[in-house]
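Visitor: I'll drop the sequence and a predicted model, then ask my questions.
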Amino acid sequence: MAAKAAAKGAARASTRPTHFLALPLNTFNPLHAFVAKAHEGILRHCPDLKGTLVEPHAAHITLGVLSLPSEERVSACCADLRQWIEGEGRAVVREDIRLRLAGVRQFKSGVLYLAASTTATESGDAAGCPLAEMHASLSRHLHLKGYLPEEPKQGGYTPHCTIAKFSKLRLPRRPKKGEEGEVGGAGGPPRSKWAKRRARKNRKFPRECYEEVVDEVVGEVSLGVSHLQLCAMGGRKKGEYYQVLFPSQTDQEELS
């Protein structure tokens, strides 16, 4: 039993996401002002959701999530990303894509986000969006190289920048009935803590939290294959961006 449990744990660890592919938005100043305003609304109406907020310093558009458990795997992925950019990537996206950042929406998974769309797809629908085509091409390449176990599905990609998400809301285990620290009991935590737990279970941001910014237009940015990054999920410090593993300085010079 112990051996089986250890094997299952090792299997989960080997497939656990460790890195992600991104187009950075962290240096776009209008976005910082917008996120501050959006966060203010969340804190004013739902202070218990403070832990869901995502810093603008970490702002990006995700293109994929990968499991790269070793340095060798990371190095190989960097080489394969460069191969894609120099080949199919530049063929699919011949010039930078002009993206309009406007409109706050939320996924059922508990993510509040700012939509990113082209002029032709301002509704945020990915159909016909050059960024969706870039995402599809990159996903196919990564699948063929063995980084994505499942063949990419057609459609379903929504370019966005995350403002807040319930997965960041970390809570202590709720004490069982009769345990020391039980809610409502002697020495127990305030009931407001369990409001957070209920909120996380519901995974929905009340409309009033973002009503003031729901249709706000933040601005436009130009992004393309030369902006593609491979970032490490862990180790980000507060007020900073993620650790970027690709492109390296050499890659930047040769791919520009």
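Guide: Right, received. Where do you want to start?
Visitor: Moving along the chain from the top helix by length along the chain, name the first helix or strand you hit.
Guide: Secondary structure of the chain per DSSP state H: the longest helix is helix 29-45. Sequence order places strand 60-66 as the next helix or strand after helix 29-45, per DSSP states H and E.
Visitor: what mean pLDDT does that next one have?
Guide: Strand 60-66 shows a mean pLDDT of 97.
Visitor: helices and strands around that strand, which ones?
Guide: strand 19-24, helix 130-144, strand 160-165, strand 229-232 (3 or more Cβ pairs under 8 Å, 6 or more residues apart in numbering; DSSP states H and E). Glycine gets a C-beta too; all of them are placed from N, C-alpha and C.
Visitor: Using CSV, write out every CA atom in that strand.
Guide: Only the C-alpha atoms of strand 60-66 are listed here, as CSV (Å, rounded to 0.1, in the frame of the first residue of the first chain):
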residue,chain,number,x,y,z
HIS,A,60,0.3,38.4,-18.6
ILE,A,61,-1.7,36.5,-21.2
THR,A,62,-1.3,32.8,-20.7
LEU,A,63,-0.7,30.6,-23.8
GLY,A,64,-0.2,27.3,-22.1
VAL,A,65,0.8,25.4,-19.0
LEU,A,66,3.5,22.8,-18.9
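Visitor: hmm, back to that, what packs against the longest helix of the chain?
Guide: Looks like helix 29-45 contacts strand 97-107, strand 111-117, strand 160-165, helix 207-210, strand 217-223 (3+ Cβ pairs under 8 Å, 6+ apart).
Visitor: Make a markdown table out of those and add mean neighbour count and mean pLDDT.
Guide: Output for those, formatted as a markdown table (neighbours: other Cβ atoms under 10 Å; pLDDT from 0 to 100):
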| stretch | mean neighbour count | mean pLDDT |
| --- | --- | --- |
| strand 97-107 | 19 | 96 |
| strand 111-117 | 23 | 96 |
| strand 160-165 | 23 | 98 |
| helix 207-210 | 17 | 96 |
| strand 217-223 | 17 | 97 |
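Visitor: So for residue 68, which of the ones you listed sits nearest?
Guide: Checking those against residue 68 by Cβ to Cβ gives strand 160-165 as the closest, at 21.4 Å.
Visitor: now the angle between strand 19-24 and that closest one, please.
Guide: 110 degrees (axes from the mean of the first three to the mean of the last three Cα atoms, to 10 degrees).
Visitor: Now tell me what touches stretch 235-244 from outside.
Guide: Outside stretch 235-244, the residues within contact range by Cβ atoms under 8 Å, 6 or more residues apart in numbering are 22, 24, 26, 55, 57, 58, 60, 229, 230, 231, 232, 233.
Visitor: how much space is there between the fourth one and residue 23?
Guide: According to Cβ to Cβ, to the nearest Å, residue 55 stands 17 Å off from residue 23.
Visitor: if you count what's nearby, which of those two comes out ahead?
Guide: Comparing residue 55 with residue 23 by other Cβ atoms under 10 Å, the one with more neighbours is residue 23, at 23 against 15.
Visitor: before we move on, the earlier item: now do the longest helix of the chain, average pLDDT.
Guide: 98.
Visitor: quick one: contacts of it?
Guide: By Cβ under 8 Å, 6+ apart, helix 29-45 touches 25, 49-50, 52-56, 59, 101, 104, 112, 114, 161, 163-164, 205-206, 208-213, 216, 218-219.
Visitor: How far off centre is it?
Guide: Its chain's C-alpha centre lies 18 Å from the corresponding centre of helix 29-45 when counted by Cα atoms, centre = their mean, to the nearest Å.
Visitor: got the angle between it and strand 217-223?
Guide: Going by the same axes, to 10 degrees, helix 29-45 makes 140 degrees with strand 217-223.
Visitor: Could you check the angle helix 29-45 makes with strand 97-107?
Guide: Using the same axes, to 10 degrees: helix 29-45 against strand 97-107 is 10 degrees.
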